[in-house]
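> Sharing a model prediction with you, sequence too.
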Amino acid sequence: MIAGIPPNLEYRRGVLRILDQTRLPWEETHVEARDAEAVAAAIGRLAVRGAPAIGIAAGYGLCVALADLLARDPEAGLTAAREALADARARLGAARPTAVNLPAALTRLERAESAFCRTAAKATAGDLLDRLEAEAAALHRDERQVCEDIAAAGLSLLPEAATLVTHCNAGPLATGGIGTALGVILRGHERGRRFTVYAGETRPLLQGARLTAWELGKAGVPVRLMPDGAGPGLILAGKVDAVIVGADRVAANGDTANKLGTLPLALAAARAGTPFYVAAPWTSFDPSAPDGAAVPIEERGAEEVTHLAGRATAAPGAAVYNPAFDVTPGDLVTAFLTERGVLRPPYAFGRDAECDPA
Ligand code: MRU
């Protein structure tokens with residue numbers, strides 16, 4: 001996809017090979033997950049991360065769970081298979097709470113399972129595994145295409161040359177394809193657009209410093225890494241043409257949960273009159289959440305803040321508040337860039353959203 005960036009997820013029967021993003025960019029190591037617990041653990045500790053990638057991993061996680069059952073009990077019938085899948089759905093669904101792509105993927109495979117079991121009365125658990133593997137692969141393919149469509153939507157709005165700010169990592173590592181926010185930038189660069197990117201380092205786990213700077217660097221996109229606190233000032237100084245970020249969950253009114261540190265960029269962009277774009281697949285939209293208050297925000301362990309690369313960096317015993325995401329009010333979002341096109345306010349995703357053609 002980008003020379004030098006390995007695939008984040010590779011499935012073969014019974015094994016999900018996960019590129020361990022916690023070790024990047026220094027080490028390319030993999031986790032070979034052979035049961036749902038191992039996939040859930042990899043999602044929980046951010047070995048695989050980024051909303052679309054989490055959803056794809058969860059889809060394959062169900063396949064791994066059923067293959068695991070069949071390896072332990074080759075005679076297992078459909079009832080046992082469906083029990084194992086229900087258990088795996090519960091484990092995977094609890095791995096991280098904010099990205100709605102995770103439950104969306106589990107629901108997609110559950111629907112495929114139910115439809116298959118309704119119509120194929122004499123099917124075996126092995127047949128069901130074939131069906132679920134096909135559905136998980138289709139989800140992966142769909143997410144790849146969605147990235148291309150998002151890139152087209154984004155490029156329809158951006159000028160030939162632009163200075164852009166992004167946050168966290170919404171590139172190939174976070175998705176099933178070229179990325180969402182970074183997909184726009186990467187495809188634009190490939191087509192001769194002159195983009196310069198300021199990437200926030202993304203405290204505390206440094207997805208911007210480790211992953212975004214790595215991906216953009218490999219693709220030859222000019223990128224400057226900055227401390228997260230530098231972004232709002234840069235925007236207010238008029239040095240930025242647009243902010244472009246991803247999303248973990250978009251509520252019906254456009255309120256957007258994304259990596260902590262997104263909100264200050266949106267506030268500064270609104271004050272400066274700078275476009276603030278959210279690039280996200282439809283699988284990140286949750287019309288059942290009326291607004292941002294209904295989005296569960298993950299709180300992660302204190303050691304992510306008190307330690308850096310295993311070394312203590314905080315006063316011993318300091319109490320910690322470590323939300324992984326913040327919520328940007330929908331009225332600060334200039335437009336959503338989706339596979340359905342460019343969506344502009346007023347946002348009301350509970351109903352069928354209006355789209356500008358990309
Ligand atoms: O905690 P992370 O690294 O999974 O957070 C990722 C983000 O916030 C991304 O911006 C979002 O998932 C979109 S990825 C295309």
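Perfect, thanks for sending it. Numbering: from 1, shown residues only.
> Can I take it that residue 18 is in a strand?
Yes: counting by DSSP: H, G, I helix; E, B strand; the rest coil, residue 18 is located in a strand.
> OK, contacts around it?
For residue 18, the contacting residues are 8, 9, 30, 31, 32, 33, 39, 42, 47, 48, 57, by C-beta atoms under 8 Å, 6 or more residues apart in numbering. In this view, the C-beta of every residue, glycine as well, is placed from N, C-alpha and C.
> got it, and residue 210?
Residues in contact with residue 210 (C-beta under 8 Å, 6+ apart) are 24, 25.
> part of a helix, is it?
Yes: the assignment for residue 210 (three-state DSSP) places it in a helix.
> per-residue confidence at it?
Per-residue pLDDT puts residue 210 at 98.
> Please spell out the ChimeraX selection for the buried subset of the contacts of residue 18.
Only the buried entries of those go into this ChimeraX selection, using 16 or more other C-beta atoms under 10 Å:
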select :8,9,31,33,39,42,47,48,57
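> tell me which of the contacts of residue 18 is nearest to the ligand?
Taking C-beta to the nearest ligand atom as the measure, the ligand lies nearest residue 48 of these, at 8.6 Å.
> Could you count how many residues lie near the closest residue to the ligand within the stretch 201-350 of the chain?
Residue of the stretch 201-350 of the chain nearest the ligand, by C-beta to the nearest ligand atom: residue 246 (2.7 Å). Using other C-beta atoms under 10 Å, the number of residues around residue 246 comes to 32.
> same deal with residue 72?
10.
> what does the stretch 51-200 of the chain have sitting close to the ligand?
With C-beta under 6 Å from any ligand atom as the criterion, the stretch 51-200 of the chain meets the ligand at residues 51, 52, 99, 168, 170, 174, 175, 180.
> Let me have these in CSV, adding pLDDT, neighbour count and secondary structure as columns.
Output for these, formatted as CSV (pLDDT from 0 to 100; neighbours: other C-beta atoms under 10 Å; DSSP: H, G, I helix; E, B strand; the rest coil):
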residue, pLDDT, neighbour count, secondary structure
51, 98, 27, helix
52, 98, 31, helix
99, 98, 32, coil
168, 98, 31, coil
170, 98, 34, coil
174, 98, 29, helix
175, 98, 30, coil
180, 98, 32, coil
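> and which of these is nearest residue 272?
residue 168 (20.8 Å; C-beta to C-beta).
> wouldn't the closest one be in contact with residue 247 here?
No: using C-beta atoms under 8 Å as the test, residue 168 is too far from residue 247 to be in contact (10.3 Å).
> Which residues are in contact with each of these two?
With C-beta under 8 Å, 6+ apart as the test, residue 168 and residue 247 both reach residue 258.
> in the stretch 51-200 of the chain, which spans are strands?
161-166, 194-200 (DSSP state E, counting those that start in this stretch).
> Could you name the residue of the chain that is farthest from its center?
When distances are taken from the C-alpha mean of the chain, residue 122 lies farthest, 37.7 Å away, according to C-alpha atoms, centre = their mean.
> list the helices and strands the helix of greatest length in the chain packs on?
For the chain, the longest helix by residue count, based on DSSP state H, is helix 125-155. The contact analysis (3 or more C-beta pairs under 8 Å, 6 or more residues apart in numbering; DSSP states H and E) places helix 125-155 against strand 9-12, helix 51-72, helix 78-93, helix 101-119, helix 181-190, strand 276-279, strand 335-338.
> which of the residues in it are buried?
Those would be 125, 128-129, 131-133, 135-136, 139-140, 142-144, 146-147, 149-155, for helix 125-155 by 16+ other C-beta under 10 Å.
> Now that helix: average pLDDT?
Mean pLDDT, helix 125-155: 98.
> for the ligand, what are the nearby residues on the stretch 251-358 of the chain?
Proximity of the stretch 251-358 of the chain to the ligand (C-beta under 6 Å from any ligand atom) is limited to residues 258, 259, 324.
> Can you tell me the SS state at the first one?
The reference is to residue 258. For residue 258, the assignment made with three-state DSSP gives strand.
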